[in-house]
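Enquirer: Next comes the sequence, and after it the predicted model I'd like to discuss.
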Amino acid sequence: MKKFFILALSAIFGVGVAFADDRAITIDALPSAAMEFLATTFPQQKVSVATVDRGVFDAEYKVVLNDGTHIEFDRNGNWESIKHKGGAIPATIVPQPIVEFVRQRFDGAKITKIERDNGTYEVDLVGGVDLKFDRNFNCTEVDF
């Protein structure tokens, strides 16, 4: 029985590793929610590269826009992470309480990255300041 269990785990892990690689896709292969998000939030940008990373039970989509913005979407097309190395991400993406917090405490700072996970947010500012927010948009951590 123990050997069977070890073999079963090895098989599952092996399948997971086999599927865990990014594969190029066309923009039409993105979930409809992701395509709608791109069209409304980044109407002036074109998709340079789109990939899918299919796991055993899930899929993650990654998009790079022609201005260098990187976006990660979950299997349903909901954004999980947005990053722009050379500039700010659109303020319309960032929840208003976070925008207000940054404006009040870091006046003029640009948000270059935002990640969300289960209602919490992580935000990176130009200059290397990282902020974490809980579900109620309370800042729980500041890292300089």
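Expert: Sure thing, it's come through.
Enquirer: ok, now which ones touch the closest residue to residue 101 other than its chain neighbours?
Expert: Excluding the flanking residues, the one nearest residue 101 by C-beta to C-beta, 6 or more residues apart in numbering is residue 139, at 6.0 Å. For every residue, glycine as well, the C-beta is placed using N, CA and C. Residue 139 makes contact with 101, 131-133, according to C-beta atoms under 8 Å, 6 or more residues apart in numbering.
Enquirer: same thing with residue 64?
Expert: Here residue 64 is in contact with 47-50, 70-71 (C-beta under 8 Å, 6+ apart).
Enquirer: before we move on, what about residue 124?
Expert: Per C-beta under 8 Å, 6+ apart, neighbours of residue 124: 83, 111-114, 130-131.
Enquirer: Also residue 88?
Expert: So residue 88 contacts 110-112, 126 (C-beta under 8 Å, 6+ apart).
Enquirer: now, which of those residues sits nearest residue 26?
Expert: Set against residue 26, the nearest of the contacts of residue 88 by C-beta to C-beta is residue 112 (28.0 Å).
Enquirer: Name the helix or strand for the closest residue in space to that closest one that isn't next to it in sequence, please.
Expert: Distance criterion C-beta to C-beta, 6+ apart; nearest residue to residue 112, sequence neighbours excluded, is residue 124 at 5.2 Å. In this assignment (DSSP states H and E), residue 124 forms part of strand 120-125.
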